[in-house]
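Colleague: dropping the sequence and predicted coords here.
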Number of protein chains: 2
Amino acid sequence: METASRRGLRERKKQRTRDALLRAALELFTTKGYEATTVDEIAEAADVSQRTFFRYFAGKEDAVFFVQSLAESHFVEAVRARPAHEAPLEALRQAILEGWDSIGEAVEEIIPTELHLRAYRLIESTPALFATHLRRSAELEEDIARIIADREGLDVDADPRPRVAVAVFGGVMRVTERLWCAGQDITVEALRELTAWHLDAVGPALAEKWRTN
Amino acid sequence: METASRRGLRERKKQRTRDALLRAALELFTTKGYEATTVDEIAEAADVSQRTFFRYFAGKEDAVFFVQSLAESHFVEAVRARPAHEAPLEALRQAILEGWDSIGEAVEEIIPTELHLRAYRLIESTPALFATHLRRSAELEEDIARIIADREGLDVDADPRPRVAVAVFGGVMRVTERLWCAGQDITVEALRELTAWHLDAVGPALAEKWRTN
DNA sequence: AGGCTAGTGACAGTCACTGACAGTTGACAA
DNA sequence: TTGTCAACTGTCAGTGACTGTCACTAGCCT
């Protein structure tokens, strides 16, 4: 934006500092490991004082999830944008399958996609980060449940279906993410395929007899 | 156990120290809050040095989840004990519904149930603890998925159904837990009812048209 | 130009957690 | 019973995440 860059030298400087800290943090985290990286090292790499790091991020974790929150809000918008005639689970499915491309683009503006993917694997392989990731997902699911309830004109507290539907969807997504990260093919296409595969397995998984298949 | 108490004075002393630390920790956590409680306070309340606390628990969190792990292993055993003819989701449902009573009894031997319930609410209301709780649940789900796969003679990595079924179940359980904690009626009966209510909602939640109901 | 204030660095302090070392005390054999 | 061993514990020092404070620099605005 023209206005944003013209909005003073001060703003630009802040943006540059934040970016430098973010890149330095992710770069160090993904190379030497999350726990093994100290805030002092990040600050030094970004050429600021340790205190300044904490003025931009609430903590080490905050730096890791800064980009994630971008992707999350994109997903929320994608769900909101689904046509009202779609069944809830179908809307969620389409939102995630179609949303990944635009998410990727939005992320690219802040940091290289390759770094983002490395960050994702970092989260899955670092217990402390994985825990926080799950908590954030839980919060996201609550938001999505309310959106779904609104779509269908229901009260989230009176009808269990919105929360249950989102919980089912979220559960399947987590299984998918985990497998994707553990696998070789770290591409959006692979993720899309894996997602569809798992979502299609929900019906059969609830069936009485698995042996029939 | 006779053998346990006869197993030397040393063992008994250790047990007493661990119990004292556990009670002191949970008592302080649930009264002044998790973050606001320092390890020094816990150690002082249990009349040992701070260093000793860390010899019994890996960290503050460890104390909180010490009791939880009891309940978890009980659930795993309950699932293992389900008859093979039951459908996977049915087995999980029965295991959790019937397991709570025996879980409660097992917990009672270590700390008062009332303290345990307070601890449960503490976890739900403390972000850091809730995050860890979700991570532990994820690990538990992986274990359960393998058990289910074994029951059905399947390979967890080749067939998505075991993980998906467990993820669905786990997702529903988390919604249930959350609501139970937030509600007024903190009894096992209420939990049982809430669980059944939510599990019964899975089918309808996946349906094409919600309005029909 | 000069005052205002956001942004920063330097410093001190708290708290979770760890390693090292020495003292104490059950366990167990002689 | 006694002496030795190993387990358990306390003390101390140190690291690293995070916070409050304060003085200072540098954009901003009149």
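Modeller: Received it, and whenever you're ready, just let me know what you need. The model shown is predicted, which means the values in this text are computed figures rather than measured ones. Residues are numbered from 1 along each chain as shown, chains lettered A, B, ... in the order given.
Colleague: contacts, neighbours, all on C-alpha from now
Modeller: Will do.
Colleague: surely residue A:75 and residue A:96 touch.
Modeller: Yes. Counting by Cα atoms under 8 Å, residue A:75 does reach residue A:96; the two are 6.6 Å apart.
Colleague: so those two - more neighbours on which side?
Modeller: residue A:75 (23 against 19; other Cα atoms under 10 Å in any protein chain shown).
Colleague: any idea how far the more buried one lies from residue B:78?
Modeller: 38 Å (Cα to Cα, to the nearest Å).
Colleague: dump the C-alpha coordinates for stretch A:34-52 into PDB.
Modeller: Coordinates of each C-alpha in stretch A:34-52 appear next as PDB, following Å, rounded to 0.1, in the frame of the first residue of the first chain:
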ATOM      1  CA  TYR A  34      13.400 -24.200  19.200                       C
ATOM      2  CA  GLU A  35      14.600 -24.800  22.700                       C
ATOM      3  CA  ALA A  36      18.300 -24.500  21.700                       C
ATOM      4  CA  THR A  37      17.700 -21.000  20.400                       C
ATOM      5  CA  THR A  38      17.900 -18.200  22.900                       C
ATOM      6  CA  VAL A  39      16.200 -14.900  22.600                       C
ATOM      7  CA  ASP A  40      19.600 -13.200  22.800                       C
ATOM      8  CA  GLU A  41      20.700 -15.000  19.700                       C
ATOM      9  CA  ILE A  42      17.500 -13.900  17.800                       C
ATOM     10  CA  ALA A  43      18.000 -10.300  19.000                       C
ATOM     11  CA  GLU A  44      21.600 -10.300  18.000                       C
ATOM     12  CA  ALA A  45      20.800 -11.800  14.600                       C
ATOM     13  CA  ALA A  46      18.200  -9.000  14.100                       C
ATOM     14  CA  ASP A  47      20.700  -6.500  15.500                       C
ATOM     15  CA  VAL A  48      18.400  -5.200  18.300                       C
ATOM     16  CA  SER A  49      18.500  -5.600  22.100                       C
ATOM     17  CA  GLN A  50      16.800  -8.600  23.800                       C
ATOM     18  CA  ARG A  51      14.300  -6.200  25.300                       C
ATOM     19  CA  THR A  52      13.200  -5.100  21.900                       C
END
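Colleague: sort out which residues of it are buried, please.
Modeller: Residues A:34, A:37, A:39, A:42-43, A:45-46, A:50 are the ones in stretch A:34-52 that count as buried (16 or more other Cα atoms under 10 Å in any protein chain shown).
Colleague: try stretch A:91-108
Modeller: A:91-93, A:95-97, A:99-100, A:103-104, A:106-107.
Colleague: so which of those residues is the closest to residue B:68?
Modeller: Lowest distance from residue B:68 to these (Cα to Cα) belongs to residue A:92, with 32.8 Å.
Colleague: doesn't residue A:79 make contact with that closest one?
Modeller: Yes. With contacts counted by Cα under 8 Å, residue A:92 reaches residue A:79, the gap being 6.2 Å.
Colleague: and the residue sitting nearest the centre point of chain A, its phi and psi?
Modeller: Note on chain A: the residue nearest the mean C-alpha position is residue A:68, at 4.0 Å, using Cα atoms, centre = their mean. Per-residue torsions, residue A:68: phi -60, psi -40 (degrees, to the nearest 10).
Colleague: and the pLDDT at it?
Modeller: For residue A:68, the pLDDT comes out at 92.
Colleague: so who does it touch?
Modeller: With Cα atoms under 8 Å, 6 or more residues apart in numbering or on different chains as the criterion, no residue contacts residue A:68.
Colleague: separation between it and residue A:144?
Modeller: Relative to residue A:144, and taking Cα to Cα, residue A:68 is found at 16 Å.
Colleague: and residue A:157, how many neighbours does it have?
Modeller: Neighbour tally, residue A:157, other Cα under 10 Å: 12.
Colleague: what is the three-state secondary structure of it?
Modeller: What DSSP: H, G, I helix; E, B strand; the rest coil gives for residue A:157 is coil.
Colleague: for it, give its distance to residue B:10.
Modeller: 52 Å.
Colleague: ok, now residue A:180?
Modeller: 49 Å.
Colleague: more neighbours, the two?
Modeller: A side-by-side neighbour count of residue A:180 and residue B:10, using other Cα under 10 Å, places residue A:180 first with 21 against 10.
Colleague: one step back: okay if I get the buried residues of stretch A:34-52 as a markdown table plus pLDDT, secondary structure and distance to residue A:149?
Modeller: Below are the buried residues of stretch A:34-52 laid out as a markdown table (pLDDT from 0 to 100; DSSP: H, G, I helix; E, B strand; the rest coil; distance: Cα to Cα, whole Å):
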| residue | pLDDT | secondary structure | distance to residue A:149 |
| --- | --- | --- | --- |
| A:34 | 98 | coil | 38 |
| A:37 | 98 | coil | 43 |
| A:39 | 98 | helix | 42 |
| A:42 | 98 | helix | 43 |
| A:43 | 98 | helix | 44 |
| A:45 | 98 | helix | 46 |
| A:46 | 98 | coil | 45 |
| A:50 | 98 | helix | 44 |
